[in-house]
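Novice: I'll drop the sequence and a predicted model, then ask my questions.
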Amino acid sequence: MTKLQTLNSFKSLAYEDFKVGQKLELGTHQLGRDEIIEFAKEWDPMPFHIDEKAGEESPHGGLIASGSHLIAIRIKLIQSDGINPYVIAAMGWDEVRFLRPGRPDDLLTLISECLEKRSSKSKPDRGIVRSSYELINQNSETTMSMTDTLLVRKRGN
């Protein structure tokens with residue numbers, strides 16, 4: 001198993017910096033009750049996202065974060081130190097899974113692993129990087145997982 005590295009900043013990773021098999025810890029986020037409710041009121045107002053009583057009466061047994069909220073937290077943690085100028089575009093997300101609810105007071109840690117990379121066949125100044133991401137709670141349980149494919153510039157281009 002590859003050793004987990006804590007990354008000071010995702011914003012400086014060029015294509016060459018991604019290493020297949022490398023695992024990175026990209027940051028943590030404390031999920032708050034009010035944050036869950038406010039996000040859901042705006043973007044996903046299901047009763048178990050915005051009302052504690054409805055959450056308790058639901059199969060979830062309490063208030064839970066929207067899946068869209070978990071994805072937004074992932075993006076926030078990736079970009080918490082700034083936008084990576086080497087990333088040209090996200091090419092797609094695959095295998096998005098919500099495996100366990102995000103609950104108030106969960107401490108979520110984002111872990112990334114580079115799965116594969118290849119140089120672009122048509123544009124030699126860039127490459128394609130495919131990585132897995134997991135949001136892990138304080139009990140080492142995965143709340144969300146997904147793969148992400150990025151188009152990334154090479155250094156000096």
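Specialist: Alright, I've got the coordinates.

Novice: switch to C-alpha atoms for all contacts and neighbour counts from now on
Specialist: OK.

Novice: now residue 26: which helix or strand?
Specialist: strand 23-30 (DSSP states H and E).

Novice: please apply the same query to residue 36.
Specialist: Here residue 36 sits within helix 33-43, counting by DSSP H and E.

Novice: spatially central residue in the protein, please.
Specialist: residue 74 (2.8 Å; Cα atoms, centre = their mean).

Novice: quick one, grab the pLDDT at that residue.
Specialist: The confidence metric pLDDT takes the value 97 at residue 74.

Novice: whatever helix or strand it lives in to strand 23-30, inter-axis angle?
Specialist: Element membership for residue 74 (DSSP H and E) is helix 67-78. If you take axes from the mean of the first three to the mean of the last three Cα atoms, to 10 degrees, helix 67-78 sits at 120 degrees to strand 23-30.

Novice: tell me which other helices or strands helix 67-78 touches.
Specialist: Applying 3 or more Cα pairs under 8 Å, 6 or more residues apart in numbering; DSSP states H and E, one finds that helix 67-78 contacts strand 23-30, helix 33-43.

Novice: next, count neighbours for the residue lying closest to residue 109 once chain neighbours are set aside.
Specialist: Of all residues not flanking residue 109 in the chain, residue 28 sits nearest, at 4.3 Å (Cα to Cα, 6 or more residues apart in numbering). Using other Cα atoms under 10 Å, residue 28 has 19 other residues around it.

Novice: touching, residue 28 and residue 107? I think so.
Specialist: Yes - with contact defined as Cα atoms under 8 Å, residue 28 reaches residue 107; the gap is 6.7 Å.

Novice: one step back: most tightly packed of the helices and strands packed on helix 67-78?
Specialist: Neighbour counts (mean count of other Cα atoms under 10 Å) averaged over each of the helices and strands packed on helix 67-78 peak at strand 23-30, with a mean of 20.
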